[in-house]
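> Got a sequence here, can you build the structure:
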Amino acid sequence: MSPDLLLLAATAIAAGVVVGLFAGLLGIGGGLILVPVLFELTRALDADPATAMRAAIATSLACVIATGLRSALSHYRRGALDAALIRSWAPSIIVGSLIGAEIATRVDATTLLTAFAVMTVVLAVHMAFGRREWRLGDAPPAAVFRLGGGGFVGFVAGLLGLGVAGLGVPLMTLFNASVRAAVPAVALIGALAAIPATVRFIIAGWGVTPLPPYSFGYVNVLGFALIVPVAMLVTPLGAAWSHQVSQQTLRRIFAVFLAVNAVRMLLS
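Just a heads-up that it's a prediction; the model follows:
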């Protein structure tokens, strides 16, 4: 490996630590961290920008499967998984994720990068200034509204390689779910939604040339192998922490996390 590639590999491992903490703490799959890191890693493996962006999204989704399931399991062991909340939102989010992945395989890299940066800004503003008392209802909405809201959440996740927590947690809290209940719910739903989206990227990238080394379709196995084992080890620590801090603190942590990512993406 060249020195630059070794540095990127070390960065990917460090990203795995951060992703693991936030996966346990806030239910996020880590795409806001992983997509930029994986983009640079695949570029260092001589991928062109369009291929690198799709590989970053696909590999991020594959990582979301592992980190989301690990986070959900950690919360389940603490009795924090709300089955009714998951059943209410999972179908529409999963369908939306598959549609988003399909579109991501077809649009140009500039559009994907711009959409990623804009969505990060939107999420940061909402979590920073949204009021806890804002409510649209005291229970999950009717099926048609869940189809629209959940479908949009899944669509963004599949399109940009994100977990569903960034939009999913705010959406659920608008219908009277607590942050503490929403976090493990979106961790599990995000992992389930990432499965068909990842498969779609593998199929779309199969036979595409040139792909960076160590690729399985658009999924880069090297990036996955550097990030996931570390993230899986660290995730339970984040889950344990999430049960020791207040919901207000969780929202503030989430807002700061998103704001930092938004600034970094816009500057780049």
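
> From here on, just use CA atoms for contacts and neighbour counts.
Noted.

> got the buried residues for whichever strand or helix holds Ala204?
Per DSSP states H and E, Ala204 falls inside helix 179-205. Residues 179-202, 204-205 are the ones in helix 179-205 that count as buried (16 or more other Cα atoms under 10 Å).

> do stretch 211-225 as well
Leu211, Pro212, Ser215, Phe216, Gly217, Tyr218, Val219, Asn220, Val221, Leu222, Gly223, Phe224.

> How far off centre is it?
Relative to its chain's centre, stretch 211-225 lies at 18 Å (Cα atoms, centre = their mean, to the nearest Å).

> For that stretch, measure first residue to last.
One end of stretch 211-225 to the other measures 17 Å (Cα to Cα, to the nearest Å).

> what do you get for stretch 22-36?
Stretch 22-36 end-to-end distance (Cα to Cα) = 16 Å.

> Apart from its chain neighbours, what residue comes closest to Ala90?
Among residues not flanking Ala90 along the chain, Ile189 sits closest, at 5.6 Å (Cα to Cα, 6 or more residues apart in numbering).

> residues contacting that neighbour?
Residues in contact with Ile189 (Cα atoms under 8 Å, 6 or more residues apart in numbering) are Ile86, Trp89, Ala90, Ile93, Ile94, Val164.

> Next step: the residues you listed restricted to helices.
Counted as lying in helices by DSSP state H, out of the contacts of Ile189, are Ile86, Trp89, Ala90, Ile93, Ile94.

> Ranking by neighbours, what's the top pick from the residues you listed?
Ile93 (32 neighbours; other Cα atoms under 10 Å).

> quick one: which helix or strand includes Val169?
Using DSSP H and E, Val169 sits within helix 165-174.

> Now do the helix or strand where Cys63 lies: which elements does it pack against?
Using DSSP H and E, Cys63 sits within helix 49-76. Helices and strands touching helix 49-76, by 3 or more Cα pairs under 8 Å, 6 or more residues apart in numbering; DSSP states H and E, are helix 3-26, helix 31-44, helix 109-129, helix 143-160, helix 179-205, strand 219-220, helix 221-242.

> Nearest to Arg252 among those would be which one?
Nearest of these to Arg252, taken as Cα to Cα: helix 109-129 at 6.9 Å.

> Look at Val256 and say how many residues are nearby.
For Val256, the neighbour count with other Cα under 10 Å is 15.

> what residues are up against the nearest residue to Ala193 once chain neighbours are set aside?
In this structure, Ala193 finds its nearest non-sequential neighbour in Ile94, 4.2 Å apart by Cα to Cα, 6+ apart. For Ile94, the contacting residues are Gly151, Gly154, Ile189, Gly190, Leu192, Ala193, Ala194, Pro196, by Cα under 8 Å, 6+ apart.

> Apply 10 Å and report the result again.
Contacts for Ile94 were tallied using Cα atoms under 10 Å, 6 or more residues apart in numbering; they are 100, 150-151, 153-155, 157-158, 164, 189-197.
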